[in-house]
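Undergrad: What follows is a predicted structure for the sequence shown.
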Amino acid sequence: MQKSIWSATSEVVKYAAIRPEHPPAIVDSVLGFLQQKYMGPLSMAVDVGCGSGMSTRNLFGKFDNILGVDLSSAMIEQAKQNFSKSQLNVVFRVAKAETLPVEANTAQMVLVGRAIHYFDQQSFFKEVNRILVPGGVVAYYSVHFPTVLLPEEEEKGRKLNNIFW
């Protein structure tokens, strides 16, 4: 089996340095949506595919407990280095998206930032259903690559778009 590029610490450091920030407005919007129907305490959020913790950071201060999980131990180690000392209510663990280390009916929010395409989605959503409290929400977002149109050079445009699509 081929090893993931994300198992190399050197690649994780590069990733963290050049990866675009995750927009805080996404979590704010999801939180607003959650609070329209869920009136209980915000005790647990889970960031699945958290990588180096860039998306997890947007959950800070909004939940009593935050769990960031990723399949890559190198990514989790980077996330711990980045945030574990400053955020005592945040835990980072190596785990698969399809088998989350969370008790049933305990999370109010499950967040996936730019990672859902890596998951077995049917198993993942079954797992999300298991861990969310009644009225809890799952939110996922990804990267959108624009379609490049070159009317004078359609072949070049097609080749460029095929890289992303």
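TA: Noted; the coordinates are in hand. Numbers count the residues shown, from 1 in each chain.

Undergrad: residue ranges with poor pLDDT in the chain?
TA: 1-20, 143-150, 160-165 (pLDDT under 70).

Undergrad: Please, where are all the strands along it?
TA: 44-48, 65-70, 90-94, 107-113, 132-141 (DSSP state E).

Undergrad: Tell me the helices and strands packed up against the longest helix belonging to the chain.
TA: For the chain, the longest helix by residue count, based on DSSP state H, is helix 24-37. With contacts defined as 3 or more Cβ pairs under 8 Å, 6 or more residues apart in numbering; DSSP states H and E, the packing partners of helix 24-37 are strand 107-113, strand 132-141. Where C-beta positions appear, they are placed from N, C-alpha and C, glycine not excepted.

Undergrad: run the last query once more with 6 Å
TA: Applying 3 or more Cβ pairs under 6 Å, 6 or more residues apart in numbering; DSSP states H and E, one finds that helix 24-37 makes contact with strand 132-141.

Undergrad: neighbouring strands for the strand it packs on, and are they parallel or not?
TA: With DSSP bridges as the test, strand 132-141 is paired with strand 107-113 (parallel).
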